[in-house]
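**Q** mind folding the following:
(chains A and B)
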2 protein chains.
Amino acid sequence: MPHVQPAQLSEFDLIRRYFTRPVRKAALGVGDDCALVEGRPGHHLAISTDMLVSGRHFFPDVAPRALGHKALAVNLSDLAAMGAEPRAFTLALALPEAEPEWLAELAGGMLALADEHGCELVGGDTTRGPLTLSLTVFGDVPLRAALRRDAARPGDDIWVSGTLGDARLALGDCRGEWLLPEPEFTQVRPRMDTPTPRVALGMALRGVAHAALDISDGLVGDLGHILSRSQVGALVDVDALPRSAVLAGQPEAIQRECVLAGGDDYELCFTAPAGQRDAIAAIGERLALPLTRVGAITPEPGLRLVDRAGNPTRYEGASFDHFAAP
Amino acid sequence: MPHVQPAQLSEFDLIRRYFTRPVRKAALGVGDDCALVEGRPGHHLAISTDMLVSGRHFFPDVAPRALGHKALAVNLSDLAAMGAEPRAFTLALALPEAEPEWLAELAGGMLALADEHGCELVGGDTTRGPLTLSLTVFGDVPLRAALRRDAARPGDDIWVSGTLGDARLALGDCRGEWLLPEPEFTQVRPRMDTPTPRVALGMALRGVAHAALDISDGLVGDLGHILSRSQVGALVDVDALPRSAVLAGQPEAIQRECVLAGGDDYELCFTAPAGQRDAIAAIGERLALPLTRVGAITPEPGLRLVDRAGNPTRYEGASFDHFAAP
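**A** Sure, this is the predicted structure:
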């Protein structure tokens, strides 16, 4: 590869500029959590692909079982964000060496999560190279039921599932940005290492929610994708953003950074009309998963953040961009 | 990753040991050119994934346009080997830097081939990392029409398309194993850099051929997959293996190495009953693609190589294994 360019393109600019073209045969192409193509009768096939690179998406000394789980989890999360039911996946794997115990653990973590979701490994490729995992997942979604990023409407409530920011809190400790007491780190670490894809929630939100996505790069950035694709804006109450007791015990600046810009929690953010509040509460109860209303979609563009008193608040951080200057 | 193990597993052992399980929902899982899952009405969806790593599958200074072509071509070749019609693909891309001109060329080469085959880019992922491309392709194949590896029958003819060994001949020059005169290198190089997936041939062989695969790791090793999965053997006439004029002009030892063990030509090897010889000749004529009968499937297991006089001949080489000791 040639040298670094002075003005680097962002990851999203890159994709848009060179690889996005209007779809012809597919129902939905590049730019949402999944692509949609013609599927089995009455269904679209939702397809998503994610690549995990050692030293970038996980630490080189990560436990292989956790890595196997996470690699599939982040892909299942894209199906969840679309309301799709997992069906199958492929795995392409580059490995520096073929070390049997390590591979057995990787496969164990991955296939245990696959079994939990009835998602079958149907094909793959293995090669020698810098440790890299690339998965492609397939799921079924009934026609017209997919939760797309471009479907938010003014007046919609904005919801998030679970709690936000714990994965970022754990990562900050690993990176030395802050130091957590051992018991607190132990509590938040699984959110970073072995995230739970919200598959059942995504499927339950078919016909209930308008737009949805999974929060992988941070709420501010990810919600921004819904806003730009739906050509709307949003008002979000930063104090309403759900956080764990561990995160709520941290200094205010760390809390903000974690809930607003922390990726890797893989919770869902979705929008739904106010008339669906009871239905959403019932879904949360059935799944034993907190669902929290954190704001509203507005007709005027832009994301405005306010505190619990309704006063505007500023957030200067940015969501994660793989090609931003280091 | 931990240190190198003294006794390394082969790529195929690896996959079999940790990642192969009996399929439940899918019609065909790990171990053929493509997996088959339920598709649009009357069809299976054929799925294949391949990963290309810099320094292993291509030279780091490869022309990006050729790399874009090849990355998709090797995946389309898996669809061809199954008799599937290309439909869509996803691309996961790890890049050290986001260099616009390089990316434009990569996308150009890839999307030109995609357009030629009506195969739409529907999704992807881009990240920073060691240069790696991982593609997953999807194609349609009518129910019961797929060309599987396990379908060869005793008495079948064995056929190969095009000519074998030119890609290996070019690679040997690049690696300094032998030196070709410049005009000869120029003739064979495109076979290595920009292989042609035999998509139309694969589709034409539906209902004509029994078993098929694409030759990506060398005829001996790849035909071995058909033999073991079909539980049959084969007799192959080494002198009948089709080769270009350039290859036919090389020393005998180089010719043998290239036609028997040379991967990367992406020609198809297929088996068909003798009653289909006329139909196969007609297909070759229509596609302007030489199709050559090189041997026969036998009931007794094992691959026996003979020369044109019918005398047994030995070949000591092996097909490419990504995890064999370097």
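**Q** and stretch A:234-250, what's buried?
**A** A:234-244, A:246-247, A:250 (16 or more other CB atoms under 10 Å in any protein chain shown). (Glycine included, C-beta is placed from N, CA and C.)
**Q** which single one of these is nearest to chain B?
**A** A:A234 (25.3 Å; CB to the nearest CB).
**Q** and the helices in chain A?
**A** Assigned helices in chain A, in chain order: A:11-19, A:64-82, A:100-116, A:166-175, A:182-193, A:199-204, A:219-230, A:245-248, A:252-261, A:277-287 (criterion: DSSP state H).
**Q** ok, A:S54 to chain B distance?
**A** According to CB to the nearest CB, to the nearest Å, A:S54 stands 8 Å off from chain B.
**Q** could you report the pLDDT at that residue?
**A** In this model, A:S54 is scored at 92, pLDDT.
**Q** ditto for the one 4 residues further on
**A** At A:F58, the pLDDT value in this model is 86.
**Q** I'd assumed A:K70 was in contact with it.
**A** Yes. Taking contacts as CB atoms under 8 Å, A:F58 lies within contact range of A:K70: 6.9 Å.
**Q** neighbour count: these two, which is higher?
**A** Using other CB atoms under 10 Å in any protein chain shown, the more surrounded residue of A:F58 and A:K70 is A:K70, with 24 against 19.
**Q** please report how far A:G262 lies from chain B.
**A** 18 Å.
**Q** ok, that residue touching A:G165?
**A** Yes. Counting by CB under 8 Å, A:G262 touches A:G165, with 4.5 Å between them.
**Q** and A:R65, how many neighbours?
**A** 19.
**Q** what's the spacing between it and A:V306?
**A** 42 Å (CB to CB, to the nearest Å).
**Q** give me the common contacts of A:F58 and A:K70.
**A** A:L52 (CB atoms under 8 Å, 6 or more residues apart in numbering or on different chains).
**Q** wait, does stretch A:212-229 contact chain B?
**A** No. Stretch A:212-229 is not in contact with chain B by CB under 8 Å from any CB of the partner chain; minimum separation 10.6 Å.
**Q** and A:S77, what is it in contact with?
**A** Counting by CB under 8 Å, 6+ apart, A:S77 makes contact with A:195, A:197-198, A:214, A:216, A:266.
**Q** from those, which has minimum pLDDT?
**A** Lowest pLDDT among those: A:S216, 89.
**Q** that one: neighbour count?
**A** A:S216: 22 neighbours (other CB under 10 Å).
**Q** and it, how far from A:V232?
**A** Taking CB to CB as the measure, A:S216 and A:V232 are separated by 21 Å.
**Q** can you check A:L180 too?
**A** Shown here: A:L180 relative to A:V232, a distance of 37 Å by CB to CB.
**Q** alpha carbons of stretch A:119-132, as PDB, please.
**A** Only the C-alpha atoms of stretch A:119-132 are listed here, as PDB (Å, rounded to 0.1, in the frame of the first residue of the first chain):
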ATOM      1  CA  CYS A 119     -27.600 -20.300  13.500                       C
ATOM      2  CA  GLU A 120     -25.700 -23.000  11.500                       C
ATOM      3  CA  LEU A 121     -22.100 -22.800  10.300                       C
ATOM      4  CA  VAL A 122     -22.400 -23.700   6.600                       C
ATOM      5  CA  GLY A 123     -19.100 -22.800   5.100                       C
ATOM      6  CA  GLY A 124     -15.800 -21.200   5.500                       C
ATOM      7  CA  ASP A 125     -12.200 -20.600   4.500                       C
ATOM      8  CA  THR A 126      -9.000 -21.000   6.600                       C
ATOM      9  CA  THR A 127      -5.700 -19.500   5.700                       C
ATOM     10  CA  ARG A 128      -2.400 -18.500   7.200                       C
ATOM     11  CA  GLY A 129      -2.100 -14.800   7.900                       C
ATOM     12  CA  PRO A 130      -2.400 -12.100  10.600                       C
ATOM     13  CA  LEU A 131      -5.200 -13.200  13.000                       C
ATOM     14  CA  THR A 132      -8.400 -12.000  11.400                       C
END
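**Q** ok, that stretch near chain B or not?
**A** Yes. Using CB under 8 Å from any CB, stretch A:119-132 reaches chain B at A:120-132.
**Q** tell me the mean pLDDT over that stretch?
**A** Computed over stretch A:119-132, the average pLDDT equals 90.
**Q** in the stretch 201-326 of chain A, what spans have low per-residue confidence?
**A** By pLDDT under 70, the low-scoring segments of the stretch 201-326 of chain A are A:316-326.
**Q** what do you get if the cut-off is 50, keeping everything else the same?
**A** A:319-322, A:324-326 (pLDDT under 50).
**Q** wait, A:T49 touches B:G123, no?
**A** Yes. Using CB under 8 Å, A:T49 makes contact with B:G123 at a distance of 5.8 Å.
**Q** joint contacts of those two?
**A** With CB under 8 Å, 6+ apart as the test, A:T49 and B:G123 both reach B:90-91.
**Q** tell me the phi and psi of the residue in the stretch 151-300 of chain A positioned nearest to chain B?
**A** Closest approach of the stretch 151-300 of chain A to chain B (CB to the nearest CB) occurs at A:S216, with a separation of 10.6 Å. Here is the backbone geometry of A:S216 (degrees, to the nearest 10): phi -110, psi -20.
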